[in-house]
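K.L.:
need a structure here:
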Amino acid sequence: MTRHDLKHLVIMRHGQADYPRDVPDHDRPLVPRGAREAAAAGAWLAENAPPEMILVSPALRTRQTVTWVCHELGEKAPTPQLWEGLYNGADAQLVAAVNHVPESVRTLLVVAHMPGVLDAVLRLASRDSDPDAMMDVAGGFPTAGTAVLEVPGDWALLDGADARLTAFHAPEV
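P.N.:
Residues are numbered from 1 along each chain as shown. Okay, the predicted model is just below:
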């Protein structure tokens, strides 16, 4: 398979969120640092892996994260699509969401929650993944952390250990 046949799956954790009293988990907002993290991640994505499609958990903190990412992507930012299953945080739901993406999409961004983002990257990363990126992921998945995986086949067939982790970025703000 040639390099231009590869697709890219970008899995991102939301920016740092607040824990206000009497606010449901679904409605937790980003703190100012989380907004800065999201903007920094968006700038990195704009240069390294601009997405053609964005799937996002419906939680407020993930939607706010995507707003900052899209601001940094500028005119090239696709319209984010809410995917209810991403809120629960399980890797199975994240992979299921990816399995429904049209094959015409070459670079997909998924913005979701722990532990699903970490578990999904560990589930999907093949043995020939970049060792430094694997060590970074294994060391923890910080807020606004972003993993980039090369996907050699169809989105619909992606399941486990069949993507290559090529990069992991954690914004420093």
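K.L.:
Run through the chain and note the low-pLDDT ranges.
P.N.:
The model of the chain has pLDDT under 70 over residues 1-4.
K.L.:
again, only using 80
P.N.:
1-5, 89 (pLDDT under 80).
K.L.:
Give me the contact list for the lengthiest helix in it.
P.N.:
The single longest helix within the chain, with elements called by DSSP state H, is helix 32-48. With contact meaning C-beta atoms under 8 Å, 6 or more residues apart in numbering, helix 32-48 is reached by 10, 12, 14-18, 30, 51, 61, 64-74, 76, 109, 143-144, 146, 148, 167, 169, 171-173. For every residue, glycine as well, the C-beta is placed using N, CA and C.
K.L.:
One more pass at 6 Å, please.
P.N.:
With contact meaning C-beta atoms under 6 Å, 6 or more residues apart in numbering, helix 32-48 is reached by 15-17, 65, 68-69, 72-73, 143-144, 146, 169, 171, 173.
K.L.:
Just the ones in strands from those residues, please.
P.N.:
T146, H169 (DSSP state E).
K.L.:
Distance to A133 and neighbour count for the contacts of helix 32-48 - can I get that in a markdown table?
P.N.:
Listed next are these as a markdown table, based on distance: C-beta to C-beta, whole Å; neighbours: other C-beta atoms under 10 Å:
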| residue | distance to A133 | neighbour count |
| --- | --- | --- |
| G15 | 21 | 32 |
| Q16 | 22 | 20 |
| A17 | 25 | 21 |
| T65 | 21 | 32 |
| W68 | 23 | 22 |
| V69 | 20 | 29 |
| E72 | 22 | 18 |
| L73 | 22 | 19 |
| T143 | 18 | 23 |
| A144 | 16 | 30 |
| T146 | 11 | 26 |
| H169 | 9 | 20 |
| P171 | 15 | 19 |
| V173 | 21 | 16 |
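K.L.:
In helices, which of the contacts of helix 32-48 fall?
P.N.:
Among the contacts of helix 32-48, DSSP H puts T65, W68, V69, E72, L73 in helices.
K.L.:
other SSEs contacting the very next helix or strand once past the longest helix of the chain?
P.N.:
Downstream of helix 32-48, the first helix or strand assigned by DSSP states H and E is strand 53-56. Packing contacts for strand 53-56, counted by 3 or more C-beta pairs under 6 Å, 6 or more residues apart in numbering; DSSP states H and E, involve strand 107-112.
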